[in-house]
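S.K.: pasted the sequence and its predicted model underneath.
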There are 2 protein chains.
Amino acid sequence: MAAMVVKNRQIMLKDYVTGSFEVSDLQLHDGTCLLQLQEGTKDVLLKNLYISPDPYMRGRMQKRTNSYVDSFLPGSVITGFGVSQVVLSSHPKFSKGDFVTGFTGWEDFSIVKGESLRPLPTGNSFPLTHFLGVLGMPGLTAYAGFYKVCSPKEGDNVFVSAASGAVGQLVGQFAKLLGCYVVGSAGSKEKVDLLKSTFGFDEAFNYREQTDLDAALKKYFPNGIDIYFENVGGKMLDAVLNNINVFARIAVCGMISRYESAEPYAIQNLIQLIPKRAKMQGFLATDFSHLYPEVTEKVGVLLKEKKVVYIEDVTEGLENAPTAMLDVLHGKNVGKKIVKVSDPDINL
Amino acid sequence: MAAMVVKNRQIMLKDYVTGSFEVSDLQLHDGTCLLQLQEGTKDVLLKNLYISPDPYMRGRMQKRTNSYVDSFLPGSVITGFGVSQVVLSSHPKFSKGDFVTGFTGWEDFSIVKGESLRPLPTGNSFPLTHFLGVLGMPGLTAYAGFYKVCSPKEGDNVFVSAASGAVGQLVGQFAKLLGCYVVGSAGSKEKVDLLKSTFGFDEAFNYREQTDLDAALKKYFPNGIDIYFENVGGKMLDAVLNNINVFARIAVCGMISRYESAEPYAIQNLIQLIPKRAKMQGFLATDFSHLYPEVTEKVGVLLKEKKVVYIEDVTEGLENAPTAMLDVLHGKNVGKKIVKVSDPDINL
Ligand SMILES: NC(=O)c1ccc[n+]([C@@H]2O[C@H](COP(=O)([O-])OP(=O)(O)OC[C@H]3O[C@@H](n4cnc5c(N)ncnc54)[C@H](OP(=O)(O)O)[C@@H]3O)[C@@H](O)[C@H]2O)c1
Ligand SMILES: NC(=O)c1ccc[n+]([C@@H]2O[C@H](COP(=O)([O-])OP(=O)(O)OC[C@H]3O[C@@H](n4cnc5c(N)ncnc54)[C@H](OP(=O)(O)O)[C@@H]3O)[C@@H](O)[C@H]2O)c1
C-alpha cells in the first residue's frame, strides 16, 4: 500500500533577523508530509499538538557561530519544544498514539529521532500544555536555577524579574515555599496583581512605571537582596547590583532586554561583586536534563496539592505562532505562552 | 619618670578625593608621639618599619557610606598594613622588640589594639617586607582567590591581569605549579619580560599596546579561557567575557581601572555567562584571614625551595608614601610596592 501524503503547514524562517523581530520574519508555508518512516532509522513521526515559543529562540534567528545552540536556517522549519502524539514509530520505546514531548517542528507533522523524545508520565492527569511549562523546560529551568544555582535558604530576600513569566512565576513560588521574602517585577498592572494575588509574592512592582529602579529596590528590599533570579539584564541588573547583600547570589538565567536591542545597556555596577563577595552564575537548563524526572515528581506533587499554581497563555493555531513569538518578546504573554496546533487524535 | 615625647611624622588625608588622586591629597604633618600607653587597655605602641600602599586604599579616600571598609577622615592619619616593631606593650601576647604585622598608621609611631596584630613567625628568615607582600595580605589574596575561588585544575587555561603586581605575580606562579597554561597582561615591556622570564608565565602581553584586546586574547588563548583572575575590570573584562570557555570561573579580585576613572567603562558582554554557564565571584581577602598560617607555611616552603619568587619595589622614606601610592594607581610599581619608614631598632 502506498504511503499517504497529508497537508503539512510549516512555519519557516524567512531570513536571518538583523534588526527587531517582526511577525513577517516567520512565514507560513503550505507543505506536505509523507506518512512513512525510512527503514533502518529509529525515527518517530509526530502529529504536533502544542508548541512553545521561548525567548531563547530569538537568538537562533540570528546568524551566529559558536553558540550553544545552532541558528535556524533561512527557508527551514522552526524547531522548538513541543507536545506531540506518535503517528508512526520505528523506535522501540514509542508506539502509535503515545504522547511525547521534546524537540519538534513548528508544523503539523514532524519526523524526529526517537531518542530525543520523553514519554509523558503514564497515567498523566496534567494538562498536556504543562509539559511545555511547569513540567517542561521552563519548570526545569526554575527548579534547577533556584535550588541548584541560587543556594537558597529560609529567610533569604529573593528578587525575580520577568516574574510572572514561564520561569519566573515558579521561582517565586519555590522561594515562598522555602520561607523566603519574595518580590517580583513585571511589565503590567495585570501581571503585578497576579504576582501578589495568585502566586503569593510578598510584593511586586511594574518596572515600566519606575523612573528610578534603584529607589524601587531600596523600597521593596530595605534589608537588601540575597538572591536575584536574573531574567532580564540591563538596567534592572545594574539596580540590583547596587542593592545586594554580602554573599548574594545572582543566577543568570536570561537577559531578555538584550535580545531585541541593537545597543544593549552596558552594566556599570559590577564592581559591587567585590565588597559584597557576591556570585553571579550563568546556567542552562539543558545541563540539568537529568532532573526532569525529579521535577515531574516533586513539582507534580506540589501542583496536585495546590501548593504551586501555574498560569498559561494559549494562542490558538499554528498560523498564529509568529505573533505568539512576538508577544513573548514584547511582554504581551501572561504566564507561559503556548501555541495550540491541534487536538489529540483519538483514532491514533 | 615622665614619659618621653618623640617626633612623629604623619601622612594625613587633606580632604576627600573627588577627581583623580594626586600626591598633594596626602600631606606630611610634623606631629609628636607620647611614648606611653593608657592604663587598662591592651594597646601596643609601634615603631613602623614598612608600610603598604595598596590599591583598595584609593576607595577609602572617597566619602563613602556602607562600604566594607570605612573612609579615611580628612585631617586624620592614613592607616594600612604595615610591619612594625613593638616599643611598648600592654598586650600579653607582645613584648618590646617584637616584630609584628597588621593595621597601623602611615607615621613613625602608632598606638594600635594588640589583638589586631599578628606576630611574625618565630625564627623568621624572610625579609620583613615579605609580610606586606607574599606572606601578607596580597599573598593571602592570591592564595585564597586562586585556590578557593577559582576551583583550578591541572591543564586549565588561566589569564591574569595586572599580572606582575603584588597579587598577580603569585596567582600566575600558583597556576603554573598546578600545571595550568598561564598568560598575563601588564602595562610595560619591563613587566611583560618579568612575567615570562622571572615568573614563568607561558605568555604575556602589554595591554597598553593592544588596540584589540579581543584579538589579543584569541591569539594567546586559541582554546579559550577557563579561569580569569580579574584585577582590572573595564575593557579587559569585556574582552575576556568574549573568550571564556564553558564552565569558566572569573574570580573578581579587583577592578583597578575603575578606581581613578570618573566615567568607568561599562560592561557589554556579561550575557556570555549564560551560554558559557560561567561563574563570576567577588571575594575579599579579609574573609580568609584564618588562612594566614596556612599561607605562611605553604608559601613559605615554596619560597625557600625557590618554586615561587617574589618581586618587591621599595620606596625609601615615609615622606614619599604619597608618591608611592600614586605609582601603584598609575602602574609605575614593578612588583609589590612597599614604603620603608625606618630600620628596626636593635636597642628595642
Ligand atoms: N538559562 C536557561 O536555560 C533558560 C531557560 C528558559 C528561559 N530562560 C530565560 O529566562 C527568561 C524568562 O523566560 P520565560 O520562558 O519565562 O519567558 P516569559 O517570562 O514567559 O516571557 C518573557 C517575558 O520577558 C519580559 N520581557 C520582555 N522584554 C523585556 C525587556 N526588554 N525588559 C524586561 N522584561 C522583558 C516580558 O514580561 P514583562 O511583562 O514582565 O516585561 C515577557 O513576558 C528569558 O530571559 C529566557 O531567555 C533561560
Ligand atoms: N579582593 C581583595 O581582597 C583584594 C586584595 C588585594 C588586592 N586586590 C585588588 O587586586 C588588584 C591588584 O592589586 P595589587 O595589590 O596586586 O596591586 P599591583 O598589581 O601591585 O598594582 C596595581 C597595578 O594595577 C595596574 N593598573 C593600574 N591602573 C590600571 C588600569 N587603568 N588598567 C589596568 N591595569 C591597571 C598596574 O599594573 P600594569 O602596569 O599592569 O597596568 C599597577 O601596577 C587591584 O585591583 C586590587 O584592588 C583585591
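M.R.: Nice, thanks for sending it over. Residues are numbered from 1 along each chain as shown, chains lettered A, B, ... in the order given. Ligands and ions are numbered 1, 2, ... in the order given.
S.K.: flag every residue of the stretch 1-150 of chain A that's near chain B.
M.R.: Contacts of the stretch 1-150 of chain A with chain B, taken as C-beta under 8 Å from any C-beta of the partner chain, map to A:Ser67, A:Tyr68. C-betas here are computed from N, CA, C, even on glycine.
S.K.: oh sorry, the question was meant for the stretch 151-300 of chain A
M.R.: Residues of the stretch 151-300 of chain A lying near chain B (C-beta under 8 Å from any C-beta): A:233, A:237, A:252-255, A:258, A:264, A:266-268, A:270-284, A:287.
S.K.: now do the contacts for A:Thr41.
M.R.: Shown in contact with A:Thr41 (C-beta atoms under 8 Å, 6 or more residues apart in numbering or on different chains): A:Ser90, A:Lys113.
S.K.: which of the residues of the stretch 151-300 of chain A next to chain B are buried, as a ChimeraX select command?
M.R.: To isolate the buried subset of those in ChimeraX, counting by 16 or more other C-beta atoms under 10 Å in any protein chain shown, use the following:
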select /A:233,237,252,253,254,255,258,264,267,268,270,271,272,273,274,275,276,277,278,279,280,281,282,283,284
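S.K.: the residues of the stretch 151-300 of chain A next to chain B in strands, which ones?
M.R.: Assigned to strands by DSSP state E, the following of those qualify: A:Val252, A:Lys279, A:Met280, A:Gln281, A:Gly282.
S.K.: I'd like the average pLDDT over the longest strand along chain A.
M.R.: Ranked by residue count, the top strand of chain A under DSSP E comes out as strand A:79-89. Mean pLDDT, strand A:79-89: 98.
S.K.: that one and ligand 1 in contact?
M.R.: No - Strand A:79-89 does not reach ligand 1 (C-beta under 6 Å from any ligand atom); its nearest approach is 10.0 Å.
S.K.: strands paired with that strand, and their directions?
M.R.: strand A:43-51 (antiparallel), strand A:99-105 (antiparallel) (DSSP bridges).
S.K.: any chance of the ones you listed in JSON lines, plus distance to B:Phe72 and mean pLDDT?
M.R.: Output for the strands paired with strand A:79-89, formatted as JSON lines (distance: least, C-beta to C-beta, whole Å; pLDDT from 0 to 100):
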{"stretch": "strand A:43-51", "distance to B:Phe72": "61", "mean pLDDT": "98"}
{"stretch": "strand A:99-105", "distance to B:Phe72": "59", "mean pLDDT": "97"}
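S.K.: now those strands as TSV including mean neighbour count and distance to A:Ile338?
M.R.: What follows is these, written out as TSV (neighbours: other C-beta atoms under 10 Å in any protein chain shown; distance: least, C-beta to C-beta, whole Å):
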stretch	mean neighbour count	distance to A:Ile338
strand A:43-51	24	5
strand A:99-105	22	12
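S.K.: of all these, which lies closest to B:Gly335?
M.R.: strand A:99-105 (54.9 Å; C-beta to C-beta).
S.K.: sorry, back to before: ok, which of the strands paired with strand A:79-89 comes nearest ligand 2?
M.R.: strand A:99-105 (43.7 Å; C-beta to the nearest ligand atom).
S.K.: before we move on, back to that, ok, of the ones in strands among the residues of the stretch 151-300 of chain A next to chain B, which one's closest to chain B?
M.R.: A:Gly282 (3.3 Å; C-beta to the nearest C-beta).
S.K.: grab the nearest non-local neighbour of that closest one.
M.R.: In space, A:Gly282 comes closest to B:Leu273 once its chain neighbours are excluded; the distance is 3.3 Å by C-beta to C-beta, 6 or more residues apart in numbering or on different chains.
S.K.: isn't that neighbour up against B:Leu241?
M.R.: Yes - between B:Leu273 and B:Leu241 there is a contact under C-beta atoms under 8 Å: 7.5 Å.
S.K.: what about A:Tyr292, neighbour count?
M.R.: Number of residues near A:Tyr292 (other C-beta atoms under 10 Å in any protein chain shown) recorded here: 19.
S.K.: that one against A:Leu140, yeah?
M.R.: Yes - using C-beta under 8 Å, A:Tyr292 makes contact with A:Leu140 at a distance of 6.1 Å.
S.K.: which residues does A:Leu177 contact?
M.R.: Contacts of A:Leu177 by C-beta under 8 Å, 6+ apart are A:Leu302, A:Lys307, A:Val308.
S.K.: report the buried members of the residues you listed.
M.R.: A:Leu302, A:Val308.
S.K.: just the closest of the contacts of A:Leu177 to A:Asn8, please.
M.R.: A:Val308 (36.7 Å).
S.K.: elements contacting the biggest helix by length in chain A?
M.R.: In chain A, assigned by DSSP state H, the helix with the most residues is helix A:292-304. Secondary-structure packing of helix A:292-304 (3 or more C-beta pairs under 8 Å, 6 or more residues apart in numbering or on different chains; DSSP states H and E): helix A:137-143.
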